[in-house]
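Participant: Just need the structure, nothing else, for what follows:
(2 chains)
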Amino acid sequence: MKVNGSTPPRIAYINARLLDPDSGLDAPGALLTENGRIADVGAGLFDAGVPENAEVVDCGGACLAPGLVDMRAQLGEPGQEHKETIHSAGRAAASGGITSIAALPNTNPVIDDEAGLEFVARRARESKLVKVYAYGALTRGCNSEEITEIGLLSEAGAVGFTDGVRAIANAQVMRRALSYASVFDTVLLQHPIEPSLATGVMNGGELATYLGLAGSPAMAEVIMVERDLRLVEMTGGRYHASHVTTAAALDVIRKAKQRGLPVTCDTAPHYFTLNESAVGDYRTFAKVSPPLRSESDRQAVVEAIADGTIDAIASDHNPQDQDSKRLPFAAAADGIAGLETLFALSLVLVHESRLDMLGLLRRLTSGPAAILGLEAGRLRPGAPADFIVFDPDTPWTIDPDSFLGKCKNSPFEDHPVKGKVFRTVVDGRPIHVADTGNEAYT
Amino acid sequence: MARAEIVALLDLADGYVEVNRAATKKSNLLSGRTVINVFFETSTRTRTSFELAGKRLGADVINMEIAWSSIKKGETLIDTAMTLNAMHPDVLVVRAPDSGAVKLLSEKVNCAVVNAGDGSHEHPTQALLDALTIRRRKRRLEGLRVAICGDVAHSRVARSNIHLLNTLGAEVRVIAPPTLLPGGIEKMGVRAFTDMPKGLEGCDIVMMLRLQTERMQGSYVPSIREYFRFYGLDYEKLANAKPDALIMHPGPMNRGVEIDTVVADDIDRSVIREQVEMGVAVRMAVLDSLTRAFDSSLKAGGSA
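Facilitator: Numbers count the residues shown, from 1 in each chain, chains lettered A, B, ... in the order given. I've put the predicted structure just below:
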């Protein structure tokens, strides 16, 4: 099978364990792609024989699930092409089982007009790998002052609005933005940190004190989330808290959901697999914003994923080169390159029995797709043929040097994980095919 | 104002429309009376309209433009009121940029005071002239569906029209982006819409409001372009209203912001020029009835 080559119009994926979190399907079966869409899918499909005019891929009993929808990643382009491009990120994402990415708008220039959105769309089209959606900046130039043309940008394809790694600190701006955006049924994503409190470089507490580093207290998160939820209650705007990291904030969101507020949230693998001790001996690869929190906060994140308070798991991909990371801790850039490890690190939750496979897949596929209003994340006839074939138990060791992305800033070096993606398919085109070591899988 | 008072004013104004269309417009009804237009906010159209109204009724009319910046303190406004009062005017026509300022001033003078617009609160003669315009075109107000569109939050025209149209039995809707819809507006007896085409459905009257330039850049709405796209009146959106729906605007218009030029100038639909004409007639009726009412009860400080 040639990657990126000419694709036969019909491919039958047989002998697969179909996993569709949207419908709850978990059964042996098959899937047929035709003209980029799922033509047919189901348990027992093709048991009586495959159609003659289709190419056949025998999955050898491996899992077949919707491709991952990564709702939070920085792709470096435009402006930081030395760290990542839409093409290099696309290759990395494909190998990690991601078929759709929503890119943050805090690029250079900022994506705050239609031209910016069209640029991202064009680069993704040229790259022909994963689907790249773009957020629009919520304020012009991410300056936290003037809201952008939310209506026109939504029509031009923006899947939501955010200032990326900067919080909307001004409550009046946030109030008007939530209020205004409610007309266009789009979602606003907040980087939930009160910036006047979060002046440190790691989690505030004992370890920061021990290391002599300035700490950012956990309460900086819950203060912002609580403020925003009051504004949501007042305006009815749809709100999403990105990478929530603390027990206190999760508790507030849980209660808001119980009251029926239009609120969702996500987290990233580093927030449920690592705690602040990963900073250890000033390891800048573990420097992220918001910072890695305490062990009890980490456990609260796991709990919140399990009970559904957290709707999505995103890579929070933030590529940083050596020059940005090989610096004294306080001066080093935030960020973890996460596209290639998103799935394997998330599978830890299944292997540790915190979540069943469909539950995990929901947070990686249909969950984020629903927040962004994408038709991805489902195995359903007529849906785009965006899916992955994987084995959740194949062991491997994370080696950042082998990453396809341009930057290798991962704190998970030599981290043993289980779960390998054999094939990533976008619009019926296989964009990543790995050696399975299994002869049945051809 | 009660329904009967409004109807009486409109009936009186109807007569003045004919007077204003005649060659000789001047009467001596208010001969010897003094009307002072006290404008703490620049206004061309309202001030001129009141000035003409007073002059056509034979009154002596004086215009005063006072910078609001020199009046910021309540004390000073009251001082101004007392000073004016000492000159024995019969009517003060007052425009002020702060809501409630006209009422405060009226409490300190013993002549009739006409509110010519106070902040975001009220602009009663605008609502009366709008009502007169509608009544002359549609022969009625009762049962008409009226949409007031645009910057409702900061509009005194919207508030006065909501009161008056509700009193006269019209069905009032307001249409605006949520950032320009004030909280609790529905309690004033209107239906609020943020989707303009939906809000315009079945409307007999489409009243556009002026969007203040300082609200255009990013704080309330992101841009003029986006505002026009979603809240500017063009033929496409207007198609949702009744085919014979009238288009109104209190002026001054921002063409290409809240209203498409071709719609504003559509002689079959737009009654914007007519509103200006009705303005003079309504203000004549107000000055007329107010001086008469004031004569009959000399100590009550009336406020229209």
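
Participant: Which positions in chain A make contact with chain B?
Facilitator: Contact residues, chain A versus chain B (Cβ under 8 Å from any Cβ of the partner chain): A:139-140, A:145-152, A:176, A:179-180, A:182-183, A:235. Glycine gets a C-beta too; all of them are placed from N, C-alpha and C.

Participant: Go again with 6 Å.
Facilitator: A:146, A:147, A:148, A:149, A:151, A:152, A:176, A:179, A:180, A:182, A:183 (Cβ under 6 Å from any Cβ of the partner chain).

Participant: Of those residues, which is the most crowded?
Facilitator: residue A:147 (30 neighbours; other Cβ atoms under 10 Å in any protein chain shown).

Participant: Give the bridge partners for that residue, please.
Facilitator: In this structure, residue A:147 bridges to residue A:139 when assessed by DSSP bridges.

Participant: right, and it touches residue A:179 too?
Facilitator: No. Using Cβ atoms under 6 Å as the test, residue A:147 is too far from residue A:179 to be in contact (9.9 Å).

Participant: circling back: which one of the residues of chain A next to chain B is nearest to residue A:360?
Facilitator: Using Cβ to Cβ, the shortest approach to residue A:360 within the residues of chain A next to chain B belongs to residue A:182, at 31.5 Å.

Participant: Return the per-residue confidence for that closest one.
Facilitator: The model reports residue A:182 with a pLDDT of 95.

Participant: so who does it touch?
Facilitator: Residue A:182 makes contact with A:236, A:237, B:178 under the criterion Cβ atoms under 6 Å, 6 or more residues apart in numbering or on different chains.

Participant: Just the pLDDT at the closest residue to chain B within chain A, thanks.
Facilitator: Residue nearest to chain B within chain A (Cβ to the nearest Cβ): residue A:146, separated by 2.3 Å. For residue A:146, the model assigns a pLDDT of 93.

Participant: Return the backbone torsion pair for it.
Facilitator: phi -100, psi 130 (degrees, to the nearest 10).

Participant: Show me where chain B dips below the pLDDT cut-off.
Facilitator: Within chain B, the stretches with pLDDT under 70 are B:72-75, B:214-218, B:297-304.

Participant: Tell me where it has helices.
Facilitator: Taking DSSP state H as the criterion, chain B contains helices spanning B:3-21, B:45-56, B:74-86, B:101-106, B:124-138, B:156-167, B:196-199, B:224-231, B:235-238, B:261-264, B:272-296.

Participant: So which of the ones you listed is nearest chain A?
Facilitator: The nearest among the helices of chain B, by Cβ to the nearest Cβ, is helix B:224-231 at 4.3 Å.

Participant: Would you enumerate the residues in contact with residue 164?
Facilitator: I went with chain A, as the question did not name one. Applying Cβ under 6 Å, 6+ apart, we find residue A:164 in contact with A:104, A:105, A:106.

Participant: that's the wrong chain, I wanted chain B
Facilitator: Per Cβ under 6 Å, 6+ apart, neighbours of residue B:164: B:127, B:131.

Participant: And the one 5 residues further on, by the same measure?
Facilitator: Residues near residue B:169 by Cβ under 6 Å, 6+ apart: residue B:142.

Participant: ok, now the one 5 residues further on?
Facilitator: Residues touching residue B:174, when contacts are defined by Cβ under 6 Å, 6+ apart, comprise B:148, B:152, B:190, B:192.

Participant: could you pull out the strands for the stretch 301-442 of chain A?
Facilitator: Ranges of strands in the stretch 301-442 of chain A, per DSSP state E, counting those that start in this stretch, are A:312-313, A:387-397, A:416-426, A:429-433.

Participant: ok so, going back, the residue of chain A closest to chain B contacts residue A:140, correct?
Facilitator: Yes. With contacts defined as Cβ under 6 Å, residue A:146 counts as touching residue A:140 at a distance of 4.8 Å.

Participant: Do you know the pLDDT at residue A:8?
Facilitator: Among the per-residue scores, residue A:8 holds a pLDDT of 62.

Participant: Next: residue A:266.
Facilitator: 98.

Participant: That one in helix, strand or coil?
Facilitator: strand (DSSP: H, G, I helix; E, B strand; the rest coil).

Participant: same check, this time on residue A:153
Facilitator: Three-state call for residue A:153 (three-state DSSP): helix.

Participant: and the nearest residue to residue B:263 once chain neighbours are set aside, how far is that from chain A?
Facilitator: The shortest distance from residue B:263 to any non-neighbouring residue, by Cβ to Cβ, 6 or more residues apart in numbering or on different chains, is to residue B:233 (5.5 Å). Noted for residue B:233: a distance of 16 Å to chain A, by Cβ to the nearest Cβ, to the nearest Å.

Participant: From the structure, what's the count of residues near residue B:233?
Facilitator: Neighbours of residue B:233 under the rule other Cβ under 10 Å: 26.

Participant: what residues are up against it?
Facilitator: Here residue B:233 is in contact with B:208, B:259, B:263 (criterion: Cβ under 6 Å, 6+ apart).
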